[in-house]
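> take this sequence and fold it.
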Amino acid sequence: MHFRGYLPPEEQRRILEEGMGDGHWEFVDVARPFTRNAPSDFATIRVARPGDESTLLGHPRVRSVVPERRIFLASAKKEPGPASSKDLGSLGTARLFGSTHHVLARGVPEEGRRRGRRLSQFVSGSSDGQGSGRRLLSISDSYDAKRLWQLGFAGKDVKVAIFDTGIDAKHRSFNHIEDRSNWTDEDTLEDRLGHGTFVAGVVASKHPDCHGFAEEAEIHTFRVFTQRQMSFTSWFLDAFNYAIQTRMNILNLSIGGPDYRDQPFIDKVWEMSANNIIVVSAIGNDGPLWGTLNNPADQPDVIGVGGIDYKFNLAAFSSRGMTTWELPGGYGRVKPDIVAYGKDVPGSSIPGQCRSLSGTSVASPVVAGAVTLLASTVPLEKRSTHLNPASMKQALVESATKLPTLSLFEQGAGHLNLFAAYEALQRPLRVTVFPAHWDLALDACPYMWPFCTQATYAGAQPLIINATILNSMAVSGRVAGEVRWVPGENGECLDVRVEHAPVIWPWSGYLAVFVRVKSTCAARSAIALGALHLTVESPPEYGSATRRSGDAQLTMRVQIIPTPPREKRVLWDHFHNVQYPPGFFPRDNLAHRDFLDWNGDHPHTNFRALYAKVCRT
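Sure thing, here's the model as predicted:
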């Protein structure tokens, strides 16, 4: 059994000198290649015998210990085609054992053949881009990246980290494979599975038939999955440390899982963001179920990406919101942040040809490639101050194209709009709220589902919305003073109360809003308008004594109806249900093999069908 525990480096040295834990436990891979002469803060510890973990837990200098997360991924399934037998396609079915985390965002079945959710999802692929029966444009053509290329931008001097299955050193589809590192227990840097090569190709391939977004970008591959399709949390943590040490600009994670309580992993993702690394991650392939967003894409500081097809329909496999780990405290946040093409996307294969794959693990590098290209439009001397996770997310969500048939919990801000994002990235650093406008009136469907399905009234349970504060001025900040409600027309009917994150860090925080109708308006039928105003203060820039300050607002439109008689009301009380165990939300059908689910008990997630039926009646 493996554990991860915090031990100060000097304590690690002392224990090593005294004999490796007296035979009860020992360090494994304490020092990675980039810290040959110094142990790491988080030590991987192997327990010699079952029960010896009590000795580890009782050590006076051990601050925290979590079980090592282990995952295995089964082989991928291919569509018929002339692809090389070596080119196995994306990692597919995920077999999860115990409490697990990092899974390459699983592939998807052929359309119309959706089977068991964990154990039979596959990525389809072909070597010639013909998997869908038609010739596909390069993904960069689909987003008109040539407009930025013609302005002289192609990803130059942008360092992109690809956490995946590796890449071959002399792959002919890339200009700049700058660094390859291996964090697994296998002695190779090569890509034996094809997924890492494909992901890197979407970002930076120069192949004319499957051209990536930013061929001049520097590709740094981090091999974190083995040929046996397995990974550990500790491998990711070590690779994250190396990414910070080597000053990566952008990180693509085509991975995800429900275990948002894997605190060392979460802390390290925060640390990545705090070190100005823009993290892009797949939202998950657990659709069409709702409340199935994957971690780390569901974190506020991460750009979470969902998938659509070329007809602008949400891909059946793309996970839906809301984020569920906040449910015991009220209501989830809006995720994904953005959607991009994730169905039949062309990319690179191991032999140097082109192929097409599907999945949010594909949509994620589409956005990561766009982010890489956008990052290169910021002058090199300004990147340390004007390019950060918040400024990039602001540019993406403010410029996205809203898709008319999808809700905010399916598409987030909407579909990636590359050139509009370039224009938005030129704006000054600022504080914003996402989403900035909440339309809770009945005519706001389908985008504002589920809020637009039911008007509110005096005596009803409060409406709860959970927005995200983005502060691109600095990695940390605080809400200064009170968040003010400024009523517009009929806004005096609303009792609006707010909770917010005590610290906006890293680059982001939550803004929870509770809305009730006052008893004085119990007989009123109206649309109420108003806005919440807040100010965020951040520490002064280096060399200055003046604190930075920015203002933002969240506007609201709420439909009020007269209080209906009691016999016409339905009360759904999910706050007095069986208490959630720590670490996961239980599935209602406990006979299902995958009992560690994360779509919660809520009418807007796993009870969505029942909620929709009640609303229709």
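> output the below-cut-off pLDDT ranges for this protein.
1-136, 543, 574-598, 616-617 (pLDDT under 70).
> middle-most residue in it, spatially?
The centre of the chain sits closest to Ala297, judged by CA atoms, centre = their mean, with a distance of 1.1 Å.
> just the element for that one, please.
Ala297 belongs to no helix or strand when assigned by DSSP states H and E.
> if I pick it, what's in contact with it?
Contacts here follow CB atoms under 8 Å, 6 or more residues apart in numbering; on that basis Ala297 touches Leu253, Gly256, Ser281, Ala282, Ile283, Gly284, Ile303, Gly304, Val305, Lys335, Pro336, Ser364. All C-beta spots, glycine's among them, are computed from the backbone N, C-alpha and C.
> how many neighbours does the third one have?
It refers to Ser281. 31 (other CB atoms under 10 Å).
> what's near enough to touch it?
Taking CB under 8 Å, 6+ apart, we find Ser281 in contact with 252-256, 294, 296-297, 302-305, 364.
> which members of those residues occur in strands, if any?
Among the contacts of Ser281, the members found in strands (DSSP state E) are Asn252, Leu253, Ile255, Gly256, Ile303, Gly304, Val305.
> sec struct for Ala395, please.
helix (DSSP: H, G, I helix; E, B strand; the rest coil).
> tell me which element Ser181 falls in.
Going by DSSP H and E, Ser181 is part of strand 177-182.
> would you mind identifying the next helix or strand past that strand?
Later in the chain than strand 177-182, the nearest helix or strand by DSSP H and E is helix 195-204.
> please name every helix or strand in contact with that next one.
The contact analysis (3 or more CB pairs under 8 Å, 6 or more residues apart in numbering; DSSP states H and E) places helix 195-204 against strand 159-164, strand 218-223, strand 345-348, helix 360-375.
> domain ranges for the chain, per the record?
Domain segmentation of the chain under automatic domain parsing yields 2-68, 75-92+99-425, 431-567.
> coming back round to it: redo the ones in strands among the contacts of Ser281 as a markdown table? Include neighbour count and distance to Gly194.
Shown next, in a markdown table, are those (neighbours: other CB atoms under 10 Å; distance: CB to CB, whole Å):
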| residue | neighbour count | distance to Gly194 |
| --- | --- | --- |
| Asn252 | 30 | 16 |
| Leu253 | 30 | 18 |
| Ile255 | 28 | 16 |
| Gly256 | 31 | 19 |
| Ile303 | 26 | 25 |
| Gly304 | 33 | 24 |
| Val305 | 35 | 20 |
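> which of these sit farthest apart?
Maximum pairwise distance among those (CB to CB): 14.0 Å, between Ile255 and Ile303.
> where along the stretch 201-350 of the chain do the strands fall?
218-223, 230-232, 250-253, 255-256, 278-282, 303-308, 338-341, 345-348 (DSSP state E, counting those that start in this stretch).
> direction included, what does the second one pair against?
Spelled out, that is strand 230-232. Using DSSP bridges, the strands paired with strand 230-232 in its sheet are strand 70-73 (antiparallel).
> if we can go back for a sec, closest one to Asp601 among the domains of the chain?
Nearest of the domains of the chain (CB to CB): domain 75-92+99-425, 7.7 Å.
> flag every buried residue along the host helix or strand of Gln553.
Secondary structure assignment for Gln553, by DSSP H and E: strand 548-560. Applying a neighbour-count criterion of 16 or more other CB atoms under 10 Å, the buried positions in strand 548-560 are Arg548, Gly550, Ala552, Gln553, Leu554, Thr555, Met556, Arg557, Val558, Gln559, Ile560.
> just checking, what packs against that strand?
By 3+ CB pairs under 8 Å, 6+ apart, strand 548-560 packs against strand 431-434, strand 437-440, strand 463-471, strand 494-500, strand 508-517, strand 526-538.
> quick revisit: deepest-packed of the domains of the chain, please.
Neighbour counts (mean count of other CB atoms under 10 Å) averaged over each of those peak at domain 75-92+99-425, with a mean of 23.
> and the ones in strands among the contacts of Ser281 as a markdown table, adding distance to Thr226?
Compiled in a markdown table, the ones in strands among the contacts of Ser281 are given as follows (distance: CB to CB, whole Å):
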| residue | distance to Thr226 |
| --- | --- |
| Asn252 | 19 |
| Leu253 | 17 |
| Ile255 | 14 |
| Gly256 | 19 |
| Ile303 | 27 |
| Gly304 | 26 |
| Val305 | 25 |
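> how near is Lys393 to Ser472?
8 Å (CB to CB, to the nearest Å).
> for Ser234, that is, sorry about that
32 Å.
> also Thr546?
Relative to Ser472, Thr546 is positioned 18 Å away (CB to CB).
> the helices and strands packed on strand 548-560: which one's closest to Asp262?
Set against Asp262 and scored by CB to CB, those come closest in strand 508-517, at 19.6 Å.
> pairing partners for that closest one, with directions?
Paired with strand 508-517 in the same sheet, following DSSP bridges, are strand 463-471 (antiparallel), strand 494-500 (antiparallel).
> now those in JSON lines, with distance to Leu374?
As requested, the strands paired with strand 508-517 are arranged in JSON lines below (distance: least, CB to CB, whole Å):
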{"stretch": "strand 463-471", "distance to Leu374": "16"}
{"stretch": "strand 494-500", "distance to Leu374": "29"}
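> measure stretch 295-307 end to end?
This stretch, stretch 295-307, spans 16 Å end to end (CA to CA, to the nearest Å).
> and the helices in this structure?
For the chain, applying DSSP state H gives helices covering 9-18, 53-57, 139-142, 146-149, 195-204, 233-245, 263-274, 360-375, 383-386, 389-399, 408-411, 418-425, 608-616.
> check which helices and strands the last one sits against.
Just to be clear, that refers to helix 608-616. Other helices and strands packing on helix 608-616, by 3+ CB pairs under 8 Å, 6+ apart, are absent; none qualifies.
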